[in-house]
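Student: No letters, just coordinates:
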């Protein structure tokens, strides 16, 4: 049974697939087979999906309840336990002792009727924004396979951008959903911390990390997010909301990225949003506070004997950085937490003035896998260093944040606009992202990378 | 001279914990410290004493005592 309106069912969105299956216009078994075939055809250049399990996927499909994602294939990042597979965290094995089982993410997807078709590549132990360091090998960007897919959820973003799956689950402890979403030109939502239970999640200890959907557009992100949180996310009119622009986050940004992001803000203004400049406290220290919290939480979560035994399994960079973090003075972490309290208070205060804040999700396009530095007006710096300044606020505060695609640079690389809002309202981000899509005639979310166009079946 | 002092500091500090350091470790740590060290030093020298204190931090919600801005000195 062929899919209506597309040459291949994976060219449909998540919502279109679900509706076509429910209407009897698309056979879920054929969709599963077509999805696995497409992964076979396209992923050799990307390395976005690192494990497949056709028999277990078929079993999920045969037992799938009549949920909102009934029969729809999705992929999950290598951080969640599946009944037949222990997560590896992009390494030889995870270091927090999570074995095979029913993670909360697995349960939520299963209960929504989804079919997990693969595990996605990720930066080793989630400790990078590029995705080029992984025990599985680097994840490549569908817009230019010589460039990074991003990290740490790079495989999830690349798989969605390449139309291997219409939806994938990522996690975000320091921007790890939003950076790859921006690099790959897709929509990535970091949910409010704590909205999704942490059973079977390798970073369940983290006070910074939250899972979320990576999809092509806001409607699909809402659909997958609703499955993850287990409740509907109310739709409202984005045009009535107030958008806050924080000038500091627009400084030291690649000119093309700034231009594309500003055009998106202008489009939202023309669509009816009011736009105002607002200030946040503590911005100067967000980057280092995020890095300190993340790295030291990671260090403390791994039993020393386990860390010692598995040190040889790590990449040389990962091994060295695991040693470096033991040299950080304890006072630095206490100071990082003081910054955290400051920015949390400041975000709460600003939320009385505006509904959503906006700035570029990444300050420069995806760097080459062979050289993961980026060029900013201030000079050349590692991508991780540049990115975490933009993404850290949502992790320090726990607030939800989203990256929406806003177009391509002249070199054909995507840019993303980051939106962040109050803890209680991840829905607002989806409302504003949907408004942006409408205001830009959906051209940014419908843009397909050359790899996806060239081999369309 | 400064670089030698750094290398000695790293090797001896890690050795106290029974951790060996090879040349790759040292090279990576040197780069990481050059990149993040200035930010860390800025944090260490910042006066954060007037900022809010949050003893009951819950990342799933805003600070529990409302929207009060920190008092500036």
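Tutor: Structure's in. What do you need? Here the structure is a predicted model, which means the values were calculated and not measured.

Student: Residue 49: neighbouring residues, count only.
Tutor: All of this refers to chain A. Look at residue A:49: counted by other CB atoms under 10 Å in any protein chain shown, it has 28 neighbours. Yep, even glycine has a C-beta here, placed from its N, CA and C like the rest.

Student: Actually, chain B is the one I wanted.
Tutor: Neighbours of residue B:49 (other CB under 10 Å): 8.

Student: what does residue A:325 give?
Tutor: 18.

Student: Would you pull up the residue in chain A closest to chain B?
Tutor: Here the residue of chain A nearest chain B is residue A:398; by CB to the nearest CB that distance is 2.8 Å.

Student: Can you give me every residue that contacts that residue?
Tutor: A:192-194, A:207-208, A:210, A:344, A:423, B:58-61 (CB atoms under 8 Å, 6 or more residues apart in numbering or on different chains).

Student: Reformat those as a markdown table; add secondary structure, distance to residue A:385 and neighbour count.
Tutor: Listed next are these as a markdown table, based on DSSP: H, G, I helix; E, B strand; the rest coil; distance: CB to CB, whole Å; neighbours: other CB atoms under 10 Å in any protein chain shown:
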| residue | secondary structure | distance to residue A:385 | neighbour count |
| --- | --- | --- | --- |
| A:192 | coil | 26 | 24 |
| A:193 | coil | 24 | 24 |
| A:194 | coil | 28 | 15 |
| A:207 | coil | 22 | 19 |
| A:208 | coil | 17 | 23 |
| A:210 | strand | 23 | 32 |
| A:344 | helix | 23 | 25 |
| A:423 | coil | 27 | 22 |
| B:58 | coil | 29 | 15 |
| B:59 | coil | 24 | 21 |
| B:60 | coil | 28 | 14 |
| B:61 | coil | 30 | 17 |
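
Student: which one of those sits closest to residue A:186?
Tutor: Closest approach to residue A:186 among the contacts of residue A:398 (CB to CB): residue A:210, at 17.9 Å.

Student: Next, give phi and psi for the spatially closest residue to the residue of chain A closest to chain B that is not a sequence neighbour.
Tutor: With sequence-adjacent residues excluded and distances taken as CB to CB, 6 or more residues apart in numbering or on different chains, residue A:398 is closest to residue B:59, at 2.8 Å. In terms of degrees, to the nearest 10, the main-chain angles of residue B:59 are phi -60, psi -10.

Student: Does residue B:59 touch residue A:191 like I think?
Tutor: No. Using CB atoms under 8 Å as the test, residue B:59 is too far from residue A:191 to be in contact (11.4 Å).

Student: Please list all residues in contact with the nearest residue to residue A:76 once chain neighbours are set aside.
Tutor: Among residues not flanking residue A:76 along the chain, residue A:169 sits closest, at 4.6 Å (CB to CB, 6+ apart). By CB under 8 Å, 6+ apart, residue A:169 lies in contact with A:74-77, A:80, A:105, A:109, A:156, A:211-214, A:224, A:228.

Student: again, but for residue A:100
Tutor: Per CB under 8 Å, 6+ apart, neighbours of residue A:100: A:81-86.

Student: out of those, which one sits closest to residue B:49?
Tutor: Nearest to residue B:49 among these, with distances taken as CB to CB, is residue A:81, at 43.5 Å.

Student: Starting from residue A:38, give me the distance back to that closest one.
Tutor: 26 Å (CB to CB, to the nearest Å).

Student: so where is the chain shaky, pLDDT-wise?
Tutor: In the absence of a named chain, this looks at chain A. Scanning chain A with the threshold set as pLDDT under 70 gives A:1-5, A:454-457.

Student: that's the other chain; I wanted chain B
Tutor: Residues of chain B that meet the criterion pLDDT under 70 lie in B:1-3, B:65-73.

Student: Do you have the helices of it handy? List them.
Tutor: In chain B, the helices defined using DSSP state H lie at B:2-16, B:23-45.
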